[in-house]
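Novice: A predicted structure for the sequence below; I have some questions about it.
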Amino acid sequence: MNATRRRSGRPKILVIEDDAVARADLEARLAANGYIVARAADAASALTVVNRERPDLILLDLGLPGGDGFLVLERLRKIAALAVIPVLVITGRSDAETRKRVEALGVAPLLAKPVETEVLLAAIRAGLETKPD
């Protein structure tokens, strides 16, 4: 468990989303439900932010500038300290190939944009339950 969560009792979620409106919407919904929110807008800064913030869970868009979400996932999975962070993918892609690639990287479920708040919060709760302390 990271230090921020220990002090506040609230999980920290990193939103990696390049669309400013979508990112702000996710941030607002998460904050309204008691989560601490960190953000990254592209693949290049995502790993830096993950290392700095050590979130309890990551919400990841696949279509990112500077490398896609798959690149971020692959890099996260190669670093032991970061590989344990649950990742939820939120994407507008719904094709079978995308689903296969995401599942192969150990991510489930794949959340389709636009994601309803209740579906999002349920997936976050389930994801947080899988993270080792």
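Specialist: Done, it's in.
Novice: C-alpha from now on. contacts and neighbour counts both.
Specialist: Will do.
Novice: Tell me which stretches of the chain form strands.
Specialist: Assignment of strands within the chain using DSSP state E yields the ranges 12-16, 36-40, 57-60, 87-91, 110-112.
Novice: and the closest residue to Gly63 other than its chain neighbours, how many neighbours does it have?
Specialist: Nearest non-adjacent residue to Gly63, counting by CA to CA, 6 or more residues apart in numbering: Gly69, 6.2 Å away. If you count neighbours by other CA atoms under 10 Å, Gly69 ends up with 24.
Novice: Please apply the same query to Ser8.
Specialist: 11.
Novice: one step back: redo the strands of the chain as JSON lines? Include distance to Ala81 and mean neighbour count.
Specialist: Conversion of the strands of the chain to JSON lines gives the following (distance: least, CA to CA, whole Å; neighbours: other CA atoms under 10 Å):
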{"stretch": "strand 12-16", "distance to Ala81": "16", "mean neighbour count": "26"}
{"stretch": "strand 36-40", "distance to Ala81": "18", "mean neighbour count": "19"}
{"stretch": "strand 57-60", "distance to Ala81": "13", "mean neighbour count": "24"}
{"stretch": "strand 87-91", "distance to Ala81": "14", "mean neighbour count": "23"}
{"stretch": "strand 110-112", "distance to Ala81": "23", "mean neighbour count": "18"}
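Novice: TSV for these, including distance to Val119 and mean pLDDT?
Specialist: Listed next are the strands of the chain as TSV, based on distance: least, CA to CA, whole Å; pLDDT from 0 to 100:
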stretch	distance to Val119	mean pLDDT
strand 12-16	16	98
strand 36-40	18	97
strand 57-60	13	96
strand 87-91	11	93
strand 110-112	8	89
